[in-house]
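> Here you go, sequence then predicted model.
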Number of protein chains: 6
Amino acid sequence: MPIINLNGPKLSTAKKKELVKRFTEVASEVIELPEEAIIVEINEMPPENVGVGGELLSEKEDK
Amino acid sequence: MPIINLNGPKLSTAKKKELVKRFTEVASEVIELPEEAIIVEINEMPPENVGVGGELLSEKEDK
Amino acid sequence: MPIINLNGPKLSTAKKKELVKRFTEVASEVIELPEEAIIVEINEMPPENVGVGGELLSEKEDK
Amino acid sequence: MPIINLNGPKLSTAKKKELVKRFTEVASEVIELPEEAIIVEINEMPPENVGVGGELLSEKEDK
Amino acid sequence: MPIINLNGPKLSTAKKKELVKRFTEVASEVIELPEEAIIVEINEMPPENVGVGGELLSEKEDK
Amino acid sequence: MPIINLNGPKLSTAKKKELVKRFTEVASEVIELPEEAIIVEINEMPPENVGVGGELLSEKEDK
């Protein structure tokens, strides 16, 4: 613990690596806990499964 | 914010579109916030990954 | 199952009642499952625990 | 309700079946609610989408 | 990782202790990972914040 | 969207402010989306509601 969960778009391995590294650094520093205690989970959500303002992201992207 | 998250079965694009539209309308009206502020996330769970009453949904569906 | 989870602001009991009723109706109709199968969870997040665009909601409200 | 959610590695059907059965038994006994009221959700996270101590699990497994 | 999350009713400390112990044992055994790797989170949901079948649990309990 | 969710210990307002700011900056930069699109949610979990390695955090802290 602590656990950081990101729901976001499809990401490359390099970007996942960078997010995990930097989120962990920020959390470790601010919460004052060792990096080993910090878990990051990344959920890549298809744009068809996310709605903003009542519309699917996939619809917005098609415009 | 607010964020509405649905964990449910596999859905067609048309049904996702309708759920996003109607959940957003309900939330906007009841919580009294603009639709643009409302996010909906849909997680389609395989029946093999959901248990009800101690049994996998996939097992129940096979009966 | 299905499970609908709302993360949002503090709400009155009447508003929670209405959200649960109407979310359940929409989900039951669109997903074509009985209302008894549908669960709604409401998490009331303090504005101090939510950030949008890099700022706490509580800070935005103070402006 | 109650709802038990597991975020973990890829699992065989047999292991999912056993987890659902045994989590439900424990929850039903300790919380003193019927097994029918208990839902279990299993999210299988690719090792590339999970970070521990600032590193992707997939990187740790490659070492 | 793995992470087990329970959304359920108000629980005594003794019951939380037992749930954490037994969920961890089951997960460690079935997933074949050491107990130290397993995290359990318990969210105690007020009955007024949970709906089943379109009704708040608090309403059902009042009947 | 994207949504960053932190489950962690009790935090001061200043620390929440810093976490929201810096998580948003990292996500915006790496995912290449504007900061306005990014939401951060912070859940402060009582040590009595979190288990690591089969033990409540509150028990570990008492030792």
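Received, thanks. Numbering: from 1, shown residues only, chains lettered A, B, ... in the order given.
> State the distance from A:Val26 to chain F.
5 Å (C-beta to the nearest C-beta, to the nearest Å). Using the backbone N, CA and C atoms, a C-beta is placed for each residue, glycine as well.
> So the closest residue to that residue other than its chain neighbours: helix, strand or coil?
Excluding its sequence neighbours, the residue lying closest to A:Val26 (C-beta to C-beta, 6 or more residues apart in numbering or on different chains) is F:Arg22, at 4.6 Å. Of the three states, F:Arg22 takes helix according to DSSP: H, G, I helix; E, B strand; the rest coil.
> Hmm, F:Arg22 is touching A:Ala27, no?
No - the pair F:Arg22 / A:Ala27 is not scored as a contact, 9.1 Å apart, by C-beta atoms under 8 Å.
> neighbour-wise, which of the two wins?
Taking other C-beta atoms under 10 Å in any protein chain shown, F:Arg22 and A:Ala27 do not tie; A:Ala27 has more neighbours (25 against 19).
> contacting residues for that one?
For A:Ala27, the contacting residues are A:Pro2, A:Ile4, A:Leu33, A:Ile38, F:Leu6, F:Gly8, F:Leu19, by C-beta atoms under 8 Å, 6 or more residues apart in numbering or on different chains.
> Now intersect those with the strands, please.
Counting by DSSP state E, the contacts of A:Ala27 place A:Ile4, F:Leu6, F:Gly8 in strands.
> Turn the residues you listed into JSON lines, columns for pLDDT and neighbour count.
Shown next, in JSON lines, are the ones in strands among the contacts of A:Ala27 (pLDDT from 0 to 100; neighbours: other C-beta atoms under 10 Å in any protein chain shown):
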{"residue": "A:Ile4", "pLDDT": "98", "neighbour count": "24"}
{"residue": "F:Leu6", "pLDDT": "98", "neighbour count": "24"}
{"residue": "F:Gly8", "pLDDT": "98", "neighbour count": "22"}
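> just the contacts of A:Ala27 that are near chain D?
A:Ile38 (C-beta under 8 Å from any C-beta of the partner chain).
> which of the contacts of A:Ala27 lies closest to A:Met45?
A:Ile4 (16.2 Å; C-beta to C-beta).
> Not counting the helix or strand bottoming out on mean pLDDT in chain A itself, show me its contacts.
Lowest mean confidence among the helices and strands of chain A (mean pLDDT, DSSP states H and E): helix A:57-62, at a mean of 87. In this structure, residues lying in contact with helix A:57-62 by C-beta under 8 Å, 6+ apart are A:Pro46, A:Pro47, A:Glu48, A:Val50, A:Gly51, A:Val52, B:Thr13, B:Lys17, F:Met1.
> Reformat the residues you listed as JSON lines; add distance to chain D and pLDDT.
Converted to JSON lines, the contacts of helix A:57-62 look like this (distance: C-beta to the nearest C-beta, whole Å; pLDDT from 0 to 100):
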{"residue": "A:Pro46", "distance to chain D": "14", "pLDDT": "97"}
{"residue": "A:Pro47", "distance to chain D": "18", "pLDDT": "97"}
{"residue": "A:Glu48", "distance to chain D": "19", "pLDDT": "97"}
{"residue": "A:Val50", "distance to chain D": "17", "pLDDT": "98"}
{"residue": "A:Gly51", "distance to chain D": "20", "pLDDT": "98"}
{"residue": "A:Val52", "distance to chain D": "22", "pLDDT": "97"}
{"residue": "B:Thr13", "distance to chain D": "22", "pLDDT": "98"}
{"residue": "B:Lys17", "distance to chain D": "24", "pLDDT": "98"}
{"residue": "F:Met1", "distance to chain D": "17", "pLDDT": "81"}
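> Chain E contacts on chain A?
A:Met1, A:Ile3, A:Ile39, A:Glu41.
> Enumerate the residues of chain A near chain F.
A:1-9, A:11, A:15, A:18-19, A:22-23, A:26-27, A:30-31, A:45, A:50, A:52, A:57.
> Would you mark the buried spots in stretch A:15-31?
A:15-24, A:26-28, A:30-31 (16 or more other C-beta atoms under 10 Å in any protein chain shown).
> Show me what from chain A comes close to chain B.
Contacts of chain A with chain B, taken as C-beta under 8 Å from any C-beta, map to A:7, A:45, A:48-56, A:58-59.
> what about 7 Å?
Within chain A, the positions adjacent to chain B are A:Asn7, A:Met45, A:Glu48, A:Asn49, A:Val50, A:Gly51, A:Val52, A:Gly53, A:Gly54, A:Glu55, A:Leu56 by C-beta under 7 Å from any C-beta of the partner chain.
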